[in-house]
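J.: For reference, the sequence and a predicted model appear below.
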Amino acid sequence: MATHEDDAGQSVPATPPGTATDGDGVARRRPLRERHVEETVEVAVPVRTAYNQWTQFKSFPRFSSVVLDVEQVRPTVTAWTIGYGPLRRRFAVEILEQDPDAYLAWRDLRQHPSHQGEVEFTPTRSGGTAITVRMYLEPRGAARVLTRSCRATRLTARLVRGELLNFKRFIEGLGQEGGAWRSTIRNGRVQHDHPEPPRSRVAQWPVG
Amino acid sequence: MQNPSGEEPETALSVTPPKKWAAGVPAVVHALEYSLEQTSPKKTGVDLLTMNQVGGIDCPGCAWADPAPGRRHRNEYCENGAKHINDEATTRRVTAGFFREHSVSDLAGRSDMWLNQQGRLTEPMIKRPGSDHYEPINWNDALGVLARELKALASPDEAVFYTSGRASNEAAFVLQLFARAFGTNNLPDCSNMCHESSGFALSETLGTGKGTVSLDDLHHADLIFLVGQNPGTNHPRQLSALEEAKRNGGRIVAVNPLPEAGLRRFKNPQKPSGIIGRGTQIADRFLHIKPGGDLALFQALNRLLLEAEDVRPGTVLDHAFIDTHTSGFEEFAAHARTLDWDDVYAATGLTREEIEKVRDEVLRSERVIVCWAMGITQHKHGVPTIREIVNFLMLRGNLGRAGTGVCPVRGHSNVQGDRTMGIWEQMPDTFLDALREEFAFDPPRPHGLDSVNAIKAMREGRIKVFLALAGNFVRAAPDSEVTEEAMRSCRLTAHISTKLNRSHTVCGDTALILPTLGRTERDVQADGEQFVTVENSMSEVHTSQGRLEPASPLLLSEVAILCRLARHTLDGKADIPWETFEGDYGTIRDRISRVVAGFHDYNARVTRPGGFQLPNPVNEGVFPNKVGKALFTCNESVVPRAPKGHLLLQTLRSHDQWNTIPYTNNDRYRGIHGSRQVVLVNPADLTELGLTQGEHVDLVSVWADGTERRAEDFVIVPYPAAKGSAAAYYPETNVLVPLDSVADISNQPTSKGIVVRLEPLRGAR
């Protein structure tokens, strides 16, 4: 994870070479390679608040301009419906890694993922959070042809940036998270980290 | 088609080549043809267009999950679902006049199909002791008769309360509550006869008796096994999920003794390619396995995976998963390496090359799902087979991740939900304690009777009263003659039913028919119009609400019948507001939310579009079994063998059939027309047995008790059944399944792998 420790022992986001921060708090970096997108936004809430709200995937349509619906199939699987104007697209996403208050990595569930990405949450010196989204796009079929140009990647970067800013306004406006999911995921599998697993949550008897 | 009030038609057997694909335009034509024969175009339209839609009717045909709201087709049903729903919505009626015309003895001589075709039951009927006719009775008197018999019992354990998987969550909860407040855990259900082996195997190894996959998992799996199941006939909407998986690049391995049409190719009638194109190939690889050879197959695959790991250490097994989340790996691995390949060949009928090719498929796949049905569970070694499937999935970490898991495919639409609601004869103390807290009575703790043990108890005279909430127990149960004798020994039998079936004709001294509303019908109670809720195979809980006017103004809902019976019987025992429950099903759901784990805010959550999904512990990294980890097991090899001159019989449904009820005498996918009295046999076996196509035979089963069980006069049809096996229709051949022939551990009747001989009826043609 691209962080370093300051004298006070608080981690701050690394500033990779070639990046610049605008007045809007968004750090942008030229794509490392074709179809690689990376954007960072600093939000004025503690990392726990930002992370917790991010895990509430069903709330994304409340602030997003393109996410229309999110189904939480289970902790590691979500199905997203995105759209613009009359266009709609649904895709399922698998969360591969998740560490509370720190990190989340996902990939498109299809056999040949058309995109994958990661989000980092890093405390800032001011008590806020730097959220960095990295995405790698690998469109298939016609989409591959249509998005071959760098312009498509730039459009995606702009979209990610816009969404990050929407999230920033959302969580800063709320001031506190609307829920939380704080377990860990490793290799696509939830790691129960409570000494007593939630046995009472579902029926345990045999189902014929 | 039957003339509803006429005689049994004579139809001649004709045989055509088996179909190589399922569904397509013929499925639409057959569905509409049957629907319009049963009911009006308007009712057909209302039923079909609301079936499996948000706020509509949950199809009672099977328990397959619906796509998410917004992703459902306008026509979200299959041929069999359409037939089933309109079979219920039929305009035909069974009235008091019908019972005056037909004695019980007369009805007992009729076929299952004829009985079903008479139409909907319309008013309560009673057969009094010594009478051979049902006669009308009003509801109050009918429930009074039943209550008096119950109260007169020497012990509550002299009563049995059977549930079929059509019953809603609300009805199931009320039934188990009534039975336990009355004082017994005698709650057998149809689960005892279909997926009991799955429940026991999965509970032991994973800590949950339920499947772990959702539709999105199936859509995105790299490799799907279909083992011992026939989706084209028994769960046709599964084919849409398999089609999606294929479209996403997934591959499918089908393992079955019969090369069923739905395992080969699917023509989706909702897509142009399914109407004018070739459709979608389903199985990329078909293993023509002998009945009961699945345990050996998965043991062989597991050994091959272990050996592949030996060759390329660290690349085949998911050590992180095995080390962190499982228990018993070392013992399992040592045991697996002792497998005898000759046993594998004998049990499966497969070659080493065929099995190794499947291993290669597995090694190429990051995400694997195994689906199975009664081709696995109904074997004597059904539980060990499913445990071995779990071993297989665990080796490469195919549990708890997206696109992986276990998928027991269930039949009845709410069979899973009924169990969740407490319909089980062995409910744990945690559930019974919750009932006690909620309703201020102490539920009985001794375990009750399952289906097989209930029949045995009836035979021994220990059961006096049998009440069935839906279903056709007599025909669903094994050892038909024994079961019928057991039922006839009861003092009173009562059935809550929508249509006539054989269980009404094989009855106790006193018999009651308690006619009820169907899924398609409006259910109006004191608090207004009601809906009920159900849970599908993928643990999604949602509503079901009919739109049609009831078949008769005298019909009561299942919930109403049970609540009124409870009031008649319990005389205020326990703090249970039966009248409130009957008037407003929401009050039942409120109580369920406090008793059954996972149902918090039930009323609020279930009315959201699509309802809600119960959590699955495996997918949350939890294995709540005895060891707290996913459990590897050591399972002894089994080689099912038939003595010389015998075959291993599996009973199965035809395509034109719903559970025990055939709609016609045809089975078009298998090319059988005009008769169900057929036995399908491999041509090579026929040659060895000296039998010929078209010959009439009796099927005689062989069992340790020496009793001769005989299914008479079946016609031999050469068919590509696995060598050494035969197949014939259920329920006609249930007579061959001994009551004592049950699966180890689960006590599920073994309707597969029955040793039979075919005795020619010389001169009969």
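T.: Nice, thanks for sending it over. Numbering: from 1, shown residues only, chains lettered A, B, ... in the order given.
J.: how about the residues of chain A near chain B?
T.: Chain A has residues A:69, A:71, A:73-77, A:79, A:81, A:90, A:92, A:94, A:109-112, A:183, A:186-192, A:197-208 near chain B, with proximity defined as Cβ under 8 Å from any Cβ of the partner chain. For glycine as for every other residue, the C-beta is placed from the backbone atoms N, C-alpha and C.
J.: rerun that using 6 Å as the cut-off
T.: For chain A, the contact set with chain B under Cβ under 6 Å from any Cβ of the partner chain comprises A:71, A:73-74, A:76-77, A:79, A:92, A:94, A:109-111, A:188-192, A:197, A:199-208.
J.: Kindly state the pLDDT recorded for residue A:30?
T.: Residue A:30 carries a pLDDT score of 41 in this model.
J.: swap that for residue A:195, please
T.: 51.
J.: Could you tell me which residues of chain B lie near chain A?
T.: Of all the residues in chain B, those in contact range of chain A (Cβ under 6 Å from any Cβ) are B:68, B:191-192, B:195-196, B:199-200, B:203, B:209-210, B:214, B:216, B:220, B:248-249, B:400-402, B:416, B:419-420, B:424, B:428, B:597-598, B:614-615, B:619-622, B:624.
J.: May I see the PyMOL selection of the buried members of those?
T.: Per 16 or more other Cβ atoms under 10 Å in any protein chain shown, the buried members of those correspond to this PyMOL selection:
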select buried, chain B and resi 68+191+192+195+196+199+200+203+209+210+214+216+220+248+400+401+402+416+419+420+424+597+598+614+615+619+620+621+622+624
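J.: Next step: the residues of chain B next to chain A restricted to helices.
T.: Taking DSSP state H, the ones among those that sit in helices are B:191-192, B:196, B:199-200, B:203, B:216, B:220, B:416, B:419-420.
J.: Among those residues, which pair sits farthest apart?
T.: Farthest apart among those by Cβ to Cβ are B:192 and B:220. That separation is 33.9 Å.
J.: Surely residue B:219 touches residue B:242?
T.: No: if you go by Cβ atoms under 6 Å, residue B:219 and residue B:242 don't touch, sitting 9.3 Å apart.
J.: Which of the residues of chain A next to chain B fall in strands?
T.: Using DSSP state E, the subset of the residues of chain A next to chain B located in strands is A:71, A:73-74, A:77, A:79, A:92, A:94, A:189-191.
J.: Dump the residues you listed to a markdown table, plus neighbour count.
T.: Converted to a markdown table, these look like this (neighbours: other Cβ atoms under 10 Å in any protein chain shown):
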| residue | neighbour count |
| --- | --- |
| A:71 | 21 |
| A:73 | 22 |
| A:74 | 21 |
| A:77 | 23 |
| A:79 | 21 |
| A:92 | 22 |
| A:94 | 25 |
| A:189 | 25 |
| A:190 | 23 |
| A:191 | 15 |
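J.: got a list of what the nearest residue in space to residue A:207 that is not next to it in sequence touches?
T.: Spatially, and ignoring its direct neighbours in sequence, residue A:207 is nearest to residue B:209 (3.7 Å; Cβ to Cβ, 6 or more residues apart in numbering or on different chains). Going by Cβ atoms under 6 Å, 6 or more residues apart in numbering or on different chains, residue B:209 touches A:206-207, B:199, B:202-203.
J.: what's the residue of the stretch 1-150 of chain B found nearest chain A in contact with, if anything?
T.: Using Cβ to the nearest Cβ, the single residue of the stretch 1-150 of chain B nearest to chain A is residue B:68, 5.7 Å away. Contact analysis of residue B:68 by Cβ under 6 Å, 6+ apart lists A:71, B:610.
J.: Look at it and report its pLDDT.
T.: With respect to pLDDT, residue B:68 has a value of 88.
J.: swap in residue B:339?
T.: For residue B:339, pLDDT reads 97.
J.: Also the one 10 residues further on?
T.: The score at residue B:349 is 97. That number is its pLDDT.
J.: Please apply the same query to the one 3 residues further on.
T.: Per-residue confidence at residue B:352 stands at 98 (pLDDT).
J.: Would you tell me what helix or strand residue 166 is located in?
T.: I'll assume chain A. For residue A:166, the host element (DSSP states H and E) is helix A:150-174.
J.: For the helix or strand following that helix, list every residue counted as buried.
T.: Scanning forward in sequence from helix A:150-174 by DSSP H and E, the next helix or strand is strand A:184-186. By neighbour count on 16+ other Cβ under 10 Å, the buried set for strand A:184-186 is residue A:185.
J.: Does anything pack onto strand A:184-186? Which helices or strands?
T.: strand A:87-99 (3 or more Cβ pairs under 6 Å, 6 or more residues apart in numbering or on different chains; DSSP states H and E).
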